[in-house]
Every structure is written in C-alpha cells, then in structure tokens.
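Asker: Pasted the sequence and its predicted model underneath.
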Amino acid sequence: MSDTKKLAIIASKGTLDWAYPPFILASTAAAMDMEAVVFFTFYGLPLLKKEIDAKISPVGNPAMPMKMPFGSKDFQAINWSIPNLISGNMPGFDTMATSLMKETFKKKGVATIEQLREMCIEAGVKFIACQMTMEVFGFDKSEFIDGVEYGGAATFLEFAADANISLFI
C-alpha cells in the first residue's frame with residue numbers, strides 16, 4: 001500500500017469564482033506530493049476548454065459579498081447593495097463584476113484560471129472529463145486542452161475510493 005496521499009475533486013461549476021477552488025486545491029495538493037485527480041462534470045466541464053470564458057454570476061450566489069475591494073486605491077470598494085434578484089437581471093452586471101474581479105485578482109498577484117490550470121498540468125494533476133456530460137451537452141474532444149482523460153463516474157470513483165480527501169466543488 002502506498003504512503004502517497006490522494007485528493008479527489010469533483011468540479012461541477014464553471015463560473016469564475018467557482019473555477020478557482022479545484023485548481024488551487026489540486027495544484028497545492030500536487031505541491032505537497034499528493035496525487036490529485038479532478039473530475040470535471042456538468043458546468044465545470046468548460047474549464048477544460050482551450051479558451052476559458054468563465055464569468056461571475058450573482059444569480060444563485062447569495063453569499064456574494066456586499067462589499068468587495070474592487071477598483072483603484074482611491075476608490076477602495078464598490079458597495080454591492082443591489083439585491084441578488086435585481087443584479088442577476090441587470091444587463092451587463094455579470095460582465096462588470098467579472099472584469100472587476102479579474103482586475104482585483106491581477107492587482108493582488110493572484111494567478112489566472114489558465115495559469116492555475118497549467119500549474120496543475122505541470123505538477124501531474126490528472127484531469128478527467130465526464131464522458132456523459134460531453135455527450136449530453138454536445139462537447140467534442142477537440143475543444144479541450146491536451147492531456148485530458150475521458151471517462152465516466154466509474155473512472156473517477158476508482159480513484160476516489162482510495163482517496164484520503166474527496167471534495168465536491
């Protein structure tokens with residue numbers, strides 16, 4: 001029996017804020033000499049596309065902070081006092097929120113999703129694309145980055161059954 005610890009992650013969401021956790025956790029696990037596998041299913045599957053177009057969505061995200069440190073040094077915060085129901089229906093809100101978050105992350109030195117994904121690949125993290133989700137949503141293998149494995153739930157569960165840590169994100 002191997003002493004190597006294992007991390008199994010299911011990535012099921014593809015918005016910008018939900019794209020960070022699986023890549024951060026998997027790259028960190030790999031840096032800690034853990035074996036990491038991320039199973040991308042449903043709305044998480046687009047995170048394996050060559051071009052990631054993840055955006056922020058306030059809809060269904062009631063924990064979105066009312067105040068976030070977006071903007072310049074002179075303008076430290078935008079007050080998110082707009083109710084979730086209204087902001088989700090406001091034209092351009094997701095684009096604005098996405099742009100502000102990306103700019104804030106850049107100023108704080110946070111890696112982009114693409115950079116984190118590349119770190120995972122370089123560190124040997126295994127990515128599995130859910131074959132069923134691909135078929136249901138009409139994805140083609142040519143849309144995805146190189147090195148992705150394809151399989152169903154059983155493929156992932158074979159690894160997850162022996163994992164020390166299993167996360168659903």
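Answerer: Cool, got the structure.

Asker: how near is the residue nearest the centre of the chain to Asp3?
Answerer: Centroid-nearest residue in the chain: Ala19, 1.7 Å away (criterion: CA atoms, centre = their mean). The gap separating Ala19 from Asp3 is 31 Å, by CB to CB, to the nearest Å. Quick note: C-beta positions are derived from backbone N, CA and C, even for glycine.

Asker: How about Asp162?
Answerer: 12 Å.

Asker: Those two: which has the busier surroundings?
Answerer: Taking neighbours as other CB atoms under 10 Å, Asp162 and Asp3 compare with Asp162 leading, 11 against 5.

Asker: Grab the nearest non-local neighbour of that one.
Answerer: Nearest residue to Asp162 in three dimensions, chain neighbours excluded: Lys6, at 6.1 Å (CB to CB, 6 or more residues apart in numbering).

Asker: Do me a favour and get the end-to-end distance for stretch 161-169?
Answerer: In stretch 161-169, first residue to last residue: 17 Å (CA to CA, to the nearest Å).

Asker: How far does it sit from its chain's centre?
Answerer: Centroid separation for stretch 161-169 versus its chain: 16 Å, with CA atoms, centre = their mean, to the nearest Å.

Asker: Please apply the same query to stretch 97-109.
Answerer: So, by CA atoms, centre = their mean, the centroid of stretch 97-109 is 16 Å from its chain's centroid.

Asker: and that stretch, average pLDDT?
Answerer: In this model, stretch 97-109 has an average pLDDT of 89.

Asker: buried set for that stretch?
Answerer: Using 16 or more other CB atoms under 10 Å as the test for burial, stretch 97-109 gives Ala97, Thr98, Leu100, Met101, Lys102.

Asker: Great, nothing more from me.
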